[in-house]
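1. Pasting the sequence and the predicted coordinates here, then a few questions.
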Amino acid sequence: MTAESRPDPRVGMVVTHRRYVPYSHAHYGGSLVDGAYVLGLFGDVATEASIRSDGDEGLFASYSDVQFRAPVRAGDVLEVTATITRAGRRSRGMSFEALVVCRAEPERGPSAARVLAEPIVAVTAEGTVVVPPPAT
């Protein structure tokens, strides 16, 4: 097997972060959080994936697709994952998923919450990160 035909070991690498969504980020009625909040989390997880795969933070270049599938609310705990799907010479394709794994239940009390039996897929996306050329 030649170096060109060998699969890139970076492809398939997964990085996951978990984050509590504070009430200070509620932007709309019903304690809804704006979509930009999750896109910021995707940037954070992409940065770690770039550091792990290339030793550089990289630079987020673009999203090719973003799907807001379910609401994110203050009091949620999100699990945000980036998976490297493609490794070019200087670009990395990544897929992203944000799952709600815990949710506040204010109807039971001001600090009540529960772990969800089945996580809710809140946001998915595809994007590209670029990294500087390797030092020669």
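-> Alright, I've got the coordinates.
2. show me what contacts residue 93?
-> When contacts are counted by Cβ atoms under 8 Å, 6 or more residues apart in numbering, residue 93 touches 84-87, 126-128. For glycine as for every other residue, the C-beta is placed from the backbone atoms N, C-alpha and C.
3. mind checking how far it is from residue 35?
-> Residue 93 sits 21 Å away from residue 35 when distances are taken as Cβ to Cβ, to the nearest Å.
4. buried sites along stretch 78-97?
-> By neighbour count, with 16 or more other Cβ atoms under 10 Å as the criterion, the buried positions of stretch 78-97 are 78-85, 87, 92-97.
5. Neighbouring strands - and their directions - for the lowest-mean-pLDDT helix or strand in the chain?
-> When each helix and strand of the chain is scored by mean pLDDT, DSSP states H and E, strand 26-28 comes last, with a mean of 91. Paired strands of strand 26-28, with direction, are strand 32-33 (antiparallel) (DSSP bridges).
6. contacting residues around the partner strand?
-> Contacts with strand 32-33, where a contact means Cβ under 8 Å, 6+ apart, come from 21, 25-27, 71-74, 76.
7. Give me the longest strand you can find in the protein.
-> Assignment by DSSP state E gives strand 113-130 as the longest strand of the chain.
8. Okay, helices next: where are they in this structure?
-> Taking DSSP state H as the test, the helices found in the chain are 35-54.
9. Just want the most central residue of it.
-> The chain has residue 42 as the residue nearest its centroid, 3.4 Å off, counting by Cα atoms, centre = their mean.
10. In contact with it, which residues?
-> 80, 82, 96, 98, 123, 125, 127.
11. And residue 50, how close does it get to residue 77?
-> Taken as Cβ to Cβ, the span from residue 50 to residue 77 is 24 Å.
12. swap that for residue 36, please
-> For residue 36, the distance to residue 77 equals 19 Å [Cβ to Cβ].
13. So which of these two has more stuff around it?
-> Neighbour tally, residue 36 and residue 77, criterion other Cβ atoms under 10 Å: the higher count belongs to residue 77, 18 against 9.
14. in the sheet, who's paired with that one?
-> Assessed by DSSP bridges, residue 77 has beta-bridge partners residue 20, residue 102.
15. what about it, distance to residue 85?
-> 26 Å.
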